[in-house]
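1. Need a 3D model of the following:
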Amino acid sequence: MSMAILKPNYNILLLPLLLITLLFLIPILGNPQTDELINKICRSTEDYEFCYKIFHENMKSPSTHIVGLARITIDEATNNASNNLYFVGKLVRQEKDEKKWYLLMQCIYGYDQALGTFQLASDYLNRRDFKQTLSAFWNAPFQLRNYTSLFSMTPIGARNEQMRKLMGMAILTGLNF
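-> Numbering: from 1, shown residues only. Presented below is the predicted three-dimensional model:
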């Protein structure tokens, strides 16, 4: 009785590799109109690379339109504000100095207000009410204006800097509706 030696079919083994490559390559190639829109927005920001990275890492499709880009800014700003709120909440629980505790509580209040503003922007965007979405984008920085400067030289400072950049992206995106 002879035994047949099974030869592996290398073409079948290459198929998953090809699919994975395409999944990563297609978003990188992008859509010219989307790339033009992202570049227009990001060139107006203070940190082009940050803006470009945020958009490209969060696009669900290479041909994302302005509403999709606005959704990215809202989602990223919401996530950032939520993370910052949690971080500052931990600091408040550990703080013994009354003055610092009070300042941290103000920061919590600001992030809580900003989260409400981002939720409102999200609701308006879902209704395709772009005028009100932009209005909400404009209000978010005012919720945090006092707290971002209070903590510029602390671990909260770097977080506030990122938050400020995301809010700028949101406003510039909203101006393109």
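2. Work out for me the element Arg128 sits within.
-> Arg128 belongs to no helix or strand when assigned by DSSP states H and E.
3. and it, backbone torsions?
-> With angles defined as degrees, to the nearest 10, Arg128 sits at phi 60, psi 30.
4. Worst mean pLDDT across the helices and strands of this protein, which element?
-> Lowest by mean pLDDT, DSSP states H and E among the helices and strands of the chain is helix 10-29, with a mean of 58.
5. show me the residues around the most centrally placed residue in the chain that make contact.
-> For the chain, Glu76 is the residue whose C-alpha lies nearest the centre (Cα atoms, centre = their mean; 2.4 Å). By Cβ atoms under 8 Å, 6 or more residues apart in numbering, the contact set of Glu76 is 54, 58, 166, 169. The way it works is simple: take the backbone N, C-alpha and C, and place the C-beta from them, glycine included.
6. So the last one is in contact with Tyr52, correct?
-> So the one you mean is Met169. No - using Cβ atoms under 8 Å, Met169 is not in contact with Tyr52, being 10.1 Å away.
7. Need the overlap of contacts for those two.
-> Counting by Cβ under 8 Å, 6+ apart, the residues touching both Met169 and Tyr52 are Cys42.
8. Between these two, which is the more surrounded one?
-> Taking other Cβ atoms under 10 Å, Met169 and Tyr52 do not tie; Met169 has more neighbours (27 against 17).
9. Report the buried residues of stretch 114-125.
-> By neighbour count on 16 or more other Cβ atoms under 10 Å, the buried set for stretch 114-125 is 114-115, 117-118, 120-122, 124-125.
10. Quick one: mark the members of those residues that sit in helices.
-> Using DSSP state H, the members of these that fall within helices are 114-115, 117-118, 120-122, 124-125.
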